[in-house]
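Chemist: Fold the following.
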Amino acid sequence: MEMQTINNRQFTNQLPKWAIGLMVILIILFGVISLGIFLWSIWEWSHTGFTFLVLFFMAGLFLWLSHLSYKNLRLYLDYIFKIDLGDQGYYYYMKDKKKNEEVEIFLPYERMEYVLIGQDYRFEPKYSIGYERTKVTFMAIKTAKVLMYGESSEGKSEVLSFTLSSSHTVDDWIGVFLHHHVPVYHTDYALTATANTPEAIQQVPKQLYEGSLPFVPGTTTEKVDHFHMTEKQTELLQKNKKIRKRKARFFKLLLVLFQIVLISLWFPHWEIQDGMFQDNSRESLVGIATIFTLFFIYAYVGVEKWYDPLKDMAIIDAGMVIATVFSQANHPDFPAAVMAYGLTINILTLSLFYLGRLIDWIKKFLKMMP
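Modeler: Residues are numbered from 1 along each chain as shown. Next comes the predicted model:
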């Protein structure tokens with residue numbers, strides 16, 4: 001959720017009307033595209049059979065994008081956030097319109113124990129416009145997470161946090177704290193996962209601020225690591241990692257079953273010439289959907305071993321062999337056509353993956369050179 005600011009010390013999440021209107025148009029656009037592809041899939045199903053499965057998947061993707069955009073818009077409409085670093089202290093206000101709940105906390109400077117500043121990160125797209133295509137990558141930008149520990153005006157022990165994106169704003173906030181004689185500390189750790197509790201903030205290694213921070217807010221970085229986490233957070237992280245791995249295995253199994261169903265039931269109806277499926281067979285559409293799904297799984301769970309894609313392709317190939325054996329195809333070149341289809345997927349998937357790894361390695365190597 002992006003915060004809007006009038007100056008360096010007052011922030012709110014409330015969007016201007018033109019921005020809300022733009023988000024509504026985007027939601028409607030994704031919804032219309034999803035509906036159009038869904039109707040197309042029904043037409044394809046009535047004429048060609050199993051092609052509708054691929055189109056139905058694409059319709060679901062755009063429907064998901066529309067839903068995601070809608071949920072993002074609701075964050076701005078259903079919640080109100082206000083931040084004010086004023087003359088007397090730090091003010092925090094939050095209202096949940098759906099639950100009709102309000103939280104209002106004021107932390108006076110004279111009751112602040114100390115302020116801790118550490119790294120956090122935000123990600124922004126970077127567009128490289130070339131002659132034939134536009135490349136989109138995401139840059140990690142360092143930000144400063146400010147945690148204020150003290151006693152609120154209601155006498156409660158509180159830890160409040162806010163993330164600042166520019167070094168100028170960070171310097172301004174530090175100047176305000178020092179002007180009101182509030183001790184300021186910094187840490188070499190990233191505080192992304194640090195909870196807003198006295199117990200969590202007290203466990204963070206820290207040094208007294210002496211005029212500079214160990215990082216520059218607003219600069220880019222390739223390494224997003226060195227997080228400070230409690231023992232419970234580390235255990236939860238490992239648990240979630242195992243859950244993602246199990247989900248990835250499940251989705252890979254579904255992908256294999258998807259290949260078996262299509263090859264055994266739909267592929268036999270395709271035209272074959274010279275041991276290959278013809279252009280009107282929708283082979284390219286199925287292949288693209290297969291490769292896209294596999295890379296989506298890799299993006300979700302990551303790739304630990306360099307040979308994982310080789311292992312995954314071997315499992316998918318085994319599914320193709322099983323489907324070929326049990327299919328009712330009568331054409332003598334059907335096994336050869338399926339083999340050509342599988343070989344194409346293997347070459348494209350492995351080439352894209354290892355070419356990407358090679359490019360990343362070359363970039364790292366060049367940056368290490370003087």
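
Chemist: what residues are up against Ile117?
Modeler: Residues near Ile117 by C-beta atoms under 8 Å, 6 or more residues apart in numbering: Ala144, Lys145, Val146, Leu147, Val170, Ile174, Val184, Tyr185, His186, Thr187, Tyr209, Leu213. No exception for glycine: its C-beta is placed from N, CA and C like everyone else's.

Chemist: and if we set it to 10 Å?
Modeler: Residues in contact with Ile117 (C-beta atoms under 10 Å, 6 or more residues apart in numbering) are 144-147, 164, 170, 173-174, 177, 184-187, 191, 206, 209, 213-215, 217.

Chemist: Quick one: buried ones out of those residues?
Modeler: Among those, those classed as buried by 16 or more other C-beta atoms under 10 Å are 144-147, 164, 170, 173-174, 177, 184-187, 191, 206, 209, 213, 215, 217.

Chemist: Tell me which of those residues fall in strands.
Modeler: Mapping the buried ones among the contacts of Ile117 onto strands (DSSP state E) picks out Ala144, Lys145, Val146, Leu147, Leu164, Val184, Tyr185, His186, Thr187.

Chemist: okay if I get the residues you listed as TSV plus distance to Trp361?
Modeler: Formatted as TSV, these follow (distance: C-beta to C-beta, whole Å):
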residue	distance to Trp361
Ala144	32
Lys145	32
Val146	37
Leu147	37
Leu164	34
Val184	41
Tyr185	38
His186	34
Thr187	32
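
Chemist: List just the nearest of those residues to Ala248.
Modeler: Among those, Lys145 lies closest to Ala248 (C-beta to C-beta), at 30.7 Å.

Chemist: what about the nearest residue to the closest one once chain neighbours are set aside, neighbour count?
Modeler: The spatially closest residue to Lys145, leaving aside those adjacent along the chain, is Asp120, at 4.0 Å (C-beta to C-beta, 6 or more residues apart in numbering). With neighbours defined by other C-beta atoms under 10 Å, the count for Asp120 comes to 22.

Chemist: Please verify my assumption that Asp120 contacts Gly218.
Modeler: No: here Asp120 does not reach Gly218: they are 12.0 Å apart, not a contact under C-beta atoms under 10 Å.

Chemist: any residues in contact with both of these two?
Modeler: Contacts common to Asp120 and Gly218, judged by C-beta under 10 Å, 6+ apart, are Ile141, Lys142, Thr143, Ala144, Leu164, Ser165.

Chemist: could you say which helix or strand contains Met139?
Modeler: Taking DSSP states H and E as the definition, Met139 sits inside strand 134-151.

Chemist: Relative to that strand, what are the paired strands and their orientations?
Modeler: strand 112-129 (antiparallel), strand 157-164 (antiparallel), strand 220-221 (antiparallel) (DSSP bridges).

Chemist: so which of these is the most packed in?
Modeler: Neighbour counts (mean count of other C-beta atoms under 10 Å) averaged over each of these peak at strand 157-164, with a mean of 18.

Chemist: Alpha carbons only: can I get that one in CSV?
Modeler: The C-alpha trace of strand 157-164 is given here as CSV (Å, rounded to 0.1, in the frame of the first residue of the first chain):
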residue,chain,number,x,y,z
SER,A,157,4.2,0.4,26.3
GLU,A,158,4.2,0.7,22.5
VAL,A,159,6.4,0.0,19.5
LEU,A,160,5.4,1.9,16.4
SER,A,161,7.0,1.6,13.0
PHE,A,162,7.1,3.5,9.8
THR,A,163,9.1,3.0,6.6
LEU,A,164,10.8,5.9,4.8
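
Chemist: Thanks again, I'm all set now.
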